[in-house]
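Colleague: Next input, structure requested:
(chains A and B)
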Amino acid sequence: MYLKSLAVRDLAGTVSAEILDFDRGLNVVVGDNEAGKSTLLAALRAAFFQKHRATGEAAKALAPYGRQVRPEVAVEFELNGTAYSLKKAFLQRPDAELAWAGGRLAGDAVEERLAELFRFSHPGRGESKLGEHQGAFGLLWVEQGRSPHGLDLGVGKDAVTASLEGEVGVILGGERGRALLAASKALQDRFFTNTLRPKSDSPLKIAEDELETLRRDRAEAEDAHRHDEERLEKLARRREILAGYERDDAVAAAERALEVAEERARAVAGRERDLVEAERELALATNRRDTAGERVAQRRRLAEAADRAADAQTKAATALAEIAADAAGGEAGIERLEAARAEALQALAAAERDDERAVAATERRRLADEIARVEGRVCEAREVEMALAALRAEAAAQPFDPKALKTLEALEADRRAASAAVAATAPTIRFEPEGGASVTDDAGRTLASGEPLAVASPRRFHLEGFGWIGVDPGPGAAELAGRQRAAEDAMRAGLAKARVASLDEARRLAARAEERRMEAGSLTARLQAILPEGLASAGEALAASRATLEALPAADEGAADADADAKALRARRRAAQERAEEAARLLEAARRAAAALASRRAGLEADARHRAEEADRLRAELGDAEARRAAAALAEDLSATELDRAAKEAVAQTRRAALGGADPDGAARALAGSKRALEELNRTVRALRDEIIALETELGVRGAAQLGETLSRLRDEIEAAEPRVARLTLEAGAAKLLHATLIAAQREAREHWLGPIKAQVAPYLRIIHPESEIELDETTLEIRSLHRRGVEEEFRRLSSGAREQVAVVTRLALANVLKRGGHPAAVILDDALVNTDEVRLGRMHEVLRQAAEGLQIIVLTCRERDFRHLGGRTFRL
Amino acid sequence: MIRFLHTADWQIGKPFGGYGDDKRGELRAERFRAVERLAALATEREAAFVLVAGDAFDANTVSEREIQRTLDAMAGFRGPWILLPGNHDAALSVSVWTRLARMRRECEIVVADRPEPIALLGGEAVVLPAPLTRRHEGADLTAWFDHAETPPRAFRIGLAHGSVANRLPEKAESGNPIADDRAARARLDYLALGDWHGFLAIAERTVYAGTPEPDRYPANEPGFAALVEIDAPGAAPRVERVATARYRWRALSLRLQGDIAALDDALAALPAPRDTLVDLTLTGSLALRDRVALQARLDEWDARLFDLRIRDADLLDEPDEEDLDRIDLAGFVRVAVERLREKAADPADPEREAAAMALRIAYVEHARLAGGEG
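Modeller: Numbering: from 1, shown residues only, chains lettered A, B, ... in the order given. Modelled structure (predicted):
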């Protein structure tokens, strides 16, 4: 598109303006503020996009404020090689005219043709924004101050997108495509969620659930049906079995068999009874025989016992006689032994007497020696005692405490020290009177000449011929003199207390006391050595020894060799002792033997008596028995009973054989078996009848349950539901596939479409912002961000200058894309670069020059200086 | 001369589960009306008795109400009705027959549940029944007819339910065999058969009456009863096929190749669409616009017919340039449609069917949107 000229009258703030010859490339329209630059843009919009008959706010805005005028616009332009002339008047007598070589339109037809030429649609009644309906020019014609807002699609995005799609319709699907996409989405939504999961309430899911339910019901019905079939089959089998029993008359046959078995059992029972009878007879006979045998044996035992008793009686008498003889011999032995023992005891007593006498003599000698020794020691001890008494007497006469000496020594040392101190400090006066004059002290004592005299306290001396002289040794000397006096007083008091005249005497007394102590110690030790037990104790022991000696018998005469004698006597005594003991032992043994013999004899005597009584009794008993029935008769009885028993045994034997032949066990088993068989048969038949009744009842109840019908219906329903599910499955898949395919195609189309825009932007962007790239949002078409040297910057955070530069170059790119598609495109920039610095403005000039090679660009500006070097055709308002 | 009515396979209680509740109710009710028509026919044509050759009931577990309604429907003919247990209502230990025995009836009914001769008309005719006591019998239950004693000069009429050997299509021979020369061997004047739902004189003196009211699509001439006249024992019977059906069940197959006119031609030829159930199989291929038009036609016929079921799995969409021209193809929509076309045309593509359906949806939606805009 080429805009050739533009004339405006009474439009907005402009009375009239005219630009007659726009360049096909770059144009700069310069005007001061309020000069009407923006009015030119508004005029162009009005000419192309606003209906001349419009009366709304947009139309009213065309008139200057508060004036009743007729705004007029006249435009000349070229489109697709055709030159058009367009004139429109608004508000007052609105009018429109479009003329071209070979054609002319007027009135509303102009508006329709314009919409067709510029591919936009007029807003419907009640619709607001003009901007949403002006096609691509909304993008390309930038009003003052809008450029930093990016492409600024705002609320008009959909319309702009739609118009862009219309412009690039080859690539995009247009309104229909979007509607189809929405429709396919709606179809897909019937079946799927947004995340393409099957929807719980989709018709497919519902149909599938129904089918599932039907299948489950069918399975259940089939189970129930099978169950009924089995029941029916079972009932038929039971009836068959029962009929078999009835047909064969099995119960009657079993009853007959039972009768036969019972008959046989009865016969066996008879034989059993006979046998029992015979066995009982046999038992009785056997018993009788055994009794007779027992009697015979008893008689024999009695006779034997009588014999044995007589024999025992004899033996006992013999034994008794023998033991009586033995007893007599024993008595004689005892008497001998007793005599022997008396003799031995006498000999022992003599030996003991001799021995005791010898022992007493020896003791007497020992005691005499002892007494003599003790007496010696006592004598010596008494002498020592006397010496000790002498020492104690001396000590009592000279009492002195050795501890007092130590005290006195200490007092003496004090006294000496005090004297020495006085002597050392007191002034010493030596009177050496001349001419024999005397010197006396205050006590009147004369003092020797030349004799030093220590003055320890104030004193006065009288010097003959001179008078008195006073000497005062000073306070220190007086104190020392006091101390000396005190020491001497203490010494004196000490001597008085010790009752000694002097220290030397005290020392002498102390030495003597020490000497005594040592002597007394020595004596005491000696006394201890001589008589350790003490004098008193020794005296007592001596007295006791003497008493013992007195008590001893007088010594034998002539017992010269006492020791040798004592030993012989002792040996003799021991021998006598042994002999006496031996005799006692023998006697005791003999007595014990005699007692035993006596005891045995008493036993034998009792035994002999008993044997005799027993033999008598048995003899009597045997006699009685024989008298009652002789042994021979008893033997005859035994023979007779044995014969009888043998006969009975033979009968029993015969009957046993008879019973064995009748097989009683077999008969019993047969009877039990027959009974069981009959019972079992009855039970079985009863059970079968019960079971048949139960099954008939059960099936009768279930018969009306319409199971077969239900099953058949379910099968039909399943058969009908399956294709429905298949159909819905297909529909669901188709809806999803359609939507997915459309979405994929749309995305690719957008990419195709954004690609060229970006390709167009790139060279412009390199000029102003080297190494950068823009990102466009594929759905909103907004400029999303700018990549500069690999760093992504959000568009809205860029500086105002950068934003307006990017927005302008993007528009230039869009215009190129549109133009390449053969659509009307011209770019108008109304003070679009007010925030751009000088350096970048220079680069923008280059961009604009480059873009203008293929596009008509009209720059409206109030800053002529900024565009002085652009090189475009310049117009001034 | 005797005249009697031979019918079979009433299938009372058949649930028709594949149909909606309304249709199901009508189909079920019609089976009682068919029995009423038979009773009226027997009375009107003075039949001596009616032979029902098995499967009077669809199952042994039909409800008491259905049994009673059947007995009531039979009341239009005083009897006797000779009812033979078939494979659907076999004389099991406990069966529909044991229940029917306890119920009220206003006509004479003989349940032929034992293989014993049944004397009718005072011994003038003897019916030899071969009741099924199980659903499936391996042996020919009619064998005993050969040696059955009947009074001399009595009509011998066999009554059985099963497949006549070697005469029916293979799949129909599901057991319960009947020898194809039974009538001759047993010296029968007539052998009345049930099980095959079409009217069919299958062998000498041997006839399937078929069901009086059709219950499925296969075209084997159901919907009749056999009115039989025999002049004398040994004479050839005259068998009249009397129509008794109301509903017509039709299985149709149409090949639509680029044209849907055949549909209207075929359906318009049906004499009573309101009482006709059609099982329609469609094959061939159609352009999308024809397919859409077809759907409209089918919708209309679905309303006119008693029931219409469609099997169109083998009817393919073939979108042509005209179809695509009708879709206002621009931009990405064209790309998407082309892709779907490729998929739909590729026999190896697993999503082929879905793609064809998707194209049809696109077409329909587009047409709808265009229509909405217009």
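
Colleague: Going by C-alpha atoms from here, please, whenever you check contacts or count neighbours.
Modeller: Noted.

Colleague: Which residue ranges of chain B form helices?
Modeller: Applying DSSP state H to chain B gives helices spanning B:21-44, B:64-74, B:96-100, B:182-185, B:261-268, B:288-304, B:321-326, B:331-345, B:352-373.

Colleague: Ok, the stretch 601-750 of chain A next?
Modeller: A:631-661, A:664-703, A:707-768 (DSSP state H, counting those that start in this stretch).

Colleague: Can you lay out the helices of chain B as TSV showing distance to A:Ala486, mean neighbour count and mean pLDDT?
Modeller: Shown next, in TSV, are the helices of chain B (distance: least, Cα to Cα, whole Å; neighbours: other Cα atoms under 10 Å in any protein chain shown; pLDDT from 0 to 100):
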stretch	distance to A:Ala486	mean neighbour count	mean pLDDT
helix B:21-44	158	18	94
helix B:64-74	162	19	93
helix B:96-100	165	19	88
helix B:182-185	186	18	92
helix B:261-268	173	13	91
helix B:288-304	163	16	90
helix B:321-326	161	13	76
helix B:331-345	148	21	83
helix B:352-373	151	20	78
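
Colleague: Can I get those in CSV including distance to chain A?
Modeller: Shown next, in CSV, are those (distance: least, Cα to the nearest Cα, whole Å):
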stretch, distance to chain A
helix B:21-44, 10
helix B:64-74, 6
helix B:96-100, 7
helix B:182-185, 29
helix B:261-268, 22
helix B:288-304, 15
helix B:321-326, 12
helix B:331-345, 4
helix B:352-373, 4
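
Colleague: so which of these gets nearest A:Ala598?
Modeller: A:Ala598 lies closest, by Cα to Cα, to one member of these: helix B:96-100, at 123.2 Å.

Colleague: okay, now the residue nearest to A:Thr193 when sequence neighbours are not counted: neighbour count?
Modeller: Nearest non-adjacent residue to A:Thr193, counting by Cα to Cα, 6 or more residues apart in numbering or on different chains: A:Lys199, 5.5 Å away. A:Lys199 has 18 neighbours, counted by other Cα atoms under 10 Å in any protein chain shown.

Colleague: Likewise for A:Thr14?
Modeller: Residues near A:Thr14, counting by other Cα under 10 Å, number 19.

Colleague: what does the one 10 residues further on give?
Modeller: Residue crowding around A:Arg24 was assessed by other Cα under 10 Å; the count is 19.

Colleague: Identify the residues contacting the residue nearest to B:Gly86 when sequence neighbours are not counted.
Modeller: Excluding its sequence neighbours, the residue lying closest to B:Gly86 (Cα to Cα, 6+ apart) is B:Gly54, at 4.0 Å. By Cα atoms under 8 Å, 6 or more residues apart in numbering or on different chains, the residues touching B:Gly54 are B:8-9, B:83-89, B:160-161, B:193-195.

Colleague: okay, now B:Gly138: neighbour count?
Modeller: Count around B:Gly138 with other Cα under 10 Å applied: 9.

Colleague: Against chain A, how distant is it?
Modeller: As judged by Cα to the nearest Cα, to the nearest Å, B:Gly138 and chain A stand 16 Å apart.

Colleague: Confirm for me that that residue is in contact with B:Ile178.
Modeller: No - at 10.1 Å, B:Gly138 does not count as touching B:Ile178 under the criterion of Cα atoms under 8 Å.

Colleague: contact partners of stretch A:612-630?
Modeller: A:299, A:302-303, A:305-307, A:309-310, A:313.

Colleague: In the stretch 51-200 of chain B, which residue sits nearest chain A?
Modeller: In the stretch 51-200 of chain B, the residue that lies nearest chain A is B:Thr61 (4.4 Å; Cα to the nearest Cα).

Colleague: Lowest mean pLDDT among the helices and strands of chain B, which one is it?
Modeller: Lowest on mean pLDDT, DSSP states H and E among the helices and strands of chain B sits helix B:321-326, with a mean of 76.

Colleague: Any figure for the gap between A:Ala826 and chain B?
Modeller: Counting by Cα to the nearest Cα, the gap from A:Ala826 to chain B is 25 Å.

Colleague: ok, for that residue, nearest residue in space, not its chain neighbours?
Modeller: Using Cα to Cα, 6+ apart and skipping the chain neighbours, the partner closest in space to A:Ala826 is A:Gln856 (5.2 Å).

Colleague: quick one, phi/psi of the one you found?
Modeller: The phi and psi values for A:Gln856, taken as degrees, to the nearest 10, are phi -90, psi 130.

Colleague: Kindly report the same for A:Trp468.
Modeller: phi -90, psi 140.

Colleague: Do I have it right that it meets A:Asp441?
Modeller: No - A:Trp468 lies out of contact with A:Asp441 (Cα under 8 Å); the separation is 9.1 Å.

Colleague: overlap in contacts of these two?
Modeller: A:460-462.
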